[in-house]
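Peer 1: Need a 3D model of the sequence below.
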Amino acid sequence: MNNLEDLNTSSENILEKIDNNLDCFSKTHRKIAVYILENYDKAVFQTSSQLAKLCDVSESSVIRFANAIDYDGYSDMQKELQNFLKEKITVTQRLESISENTSDEMEILYNVLQKSVSDINWLIHNINENTFSKVVELLSNSKRVYLSGSRSSYSVTYFLGLGLKWIRDDVFVLDGINRDFDMLSKIEPDDVLLSVSLPRYLNTTLEVHEYAYKKGAQTICITDTITSPLVKFSTVPLLINNELLSFSDNLIPVMCVVTGILNSVAAKNSGSKDKIKHLETFWNELGIYQKYNNL
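Peer 2: Okay, here's the model as predicted:
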């Protein structure tokens, strides 16, 4: 059995809850419990039917097991397991799990699509409207905007930065090596830094975020839970739901939020239309985009 002591937190976590109740479970539920305790890094990715097959029990037994430990259903229990293990599961373990659980390309695709739909539905019902409005206000009105995100999160900050630069001035995208990075030394209380970081959280992003916070700037983080290390150094934390996929992060819910931010900032700023019109004239003069004669 995996060493549960390595996974302890200050309060009882899901694995401890299962382990502490082993003697109370029925024979069927005990089989499920033992499998999860010994294979939590795999169970976190498995559907209820896959878990039932591996435990040689019915799918309804798996669902009843989740109910027995105070979850509304299997997906609720699995989400709790994911939240607990996000920082502890390695990239290699993620890849191994999806290889073991699925072999069909279309099944993998549908699994990604279903998880993305679930994450977007979570946003629709749970995103903090006041927080979102505050983010839009800061990105619209702050003197300078700094965006921080590394590795996979850099694709998000690059996309956000590209759009913001079309509709306002003084936007800097930081990735630790580009020329904009040194501009962070000029950050002031009238400025804002927005950082994106998902498990496993990068030290480089956290260091930049903490630096801006201690300089008195407004700091926004887009992250997954209130326990994210970025929240401690954020004046405005914007939380999203982000289910684990394979070795890659699921950036779809983040990109949905960022797209909403871009459109909201553009709508809020009266000068956005003129700025984009000027850029379009410039793009046309240089032939940046393909033109079609019938358009």
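
Peer 1: Would you mind identifying the next helix or strand past the helix-or-strand element of the chain with minimal mean pLDDT?
Peer 2: None of the helices or strands of the chain scores lower by mean pLDDT, DSSP states H and E than helix 91-101, at a mean of 56. On the C-terminal side of helix 91-101, the closest following helix or strand by DSSP states H and E is helix 105-126.

Peer 1: Now that following helix: buried residues?
Peer 2: Neighbour counts over helix 105-126 (16 or more other Cβ atoms under 10 Å) mark 108, 111-112, 115-116, 119, 122-123 as buried. Bear in mind the C-beta positions are built from the backbone N, C-alpha and C, glycine included.

Peer 1: Name the next helix or strand downstream of it, please.
Peer 2: Following helix 105-126 toward the C-terminus (DSSP H and E): helix 129-141.

Peer 1: average pLDDT for the next helix or strand after that next one?
Peer 2: Moving toward the C-terminus from helix 129-141, the first helix or strand encountered (DSSP H and E) is strand 145-148. Mean per-residue pLDDT for strand 145-148: 96.

Peer 1: Tell me the helices and strands packed up against whatever helix or strand comes next after strand 145-148.
Peer 2: Next in sequence after strand 145-148, counting helices and strands by DSSP H and E, comes helix 154-167. Under the contact criterion of 3 or more Cβ pairs under 8 Å, 6 or more residues apart in numbering; DSSP states H and E, helix 154-167 touches strand 145-148, strand 171-174, strand 192-196, helix 252-268, helix 272-286.

Peer 1: looking only at pLDDT, what's the mean for helix 154-167?
Peer 2: On average, the pLDDT along helix 154-167 is 93.

Peer 1: What is the nearest of the buried residues of helix 105-126 to residue 129?
Peer 2: The closest of the buried residues of helix 105-126 to residue 129 turns out to be residue 123 (Cβ to Cβ; 11.3 Å).

Peer 1: mind listing what the spatially closest residue to the closest one that is not a sequence neighbour touches?
Peer 2: Using Cβ to Cβ, 6 or more residues apart in numbering and skipping the chain neighbours, the partner closest in space to residue 123 is residue 253 (5.8 Å). By Cβ atoms under 8 Å, 6 or more residues apart in numbering, the residues touching residue 253 are 116, 119-120, 122-123, 240-242.
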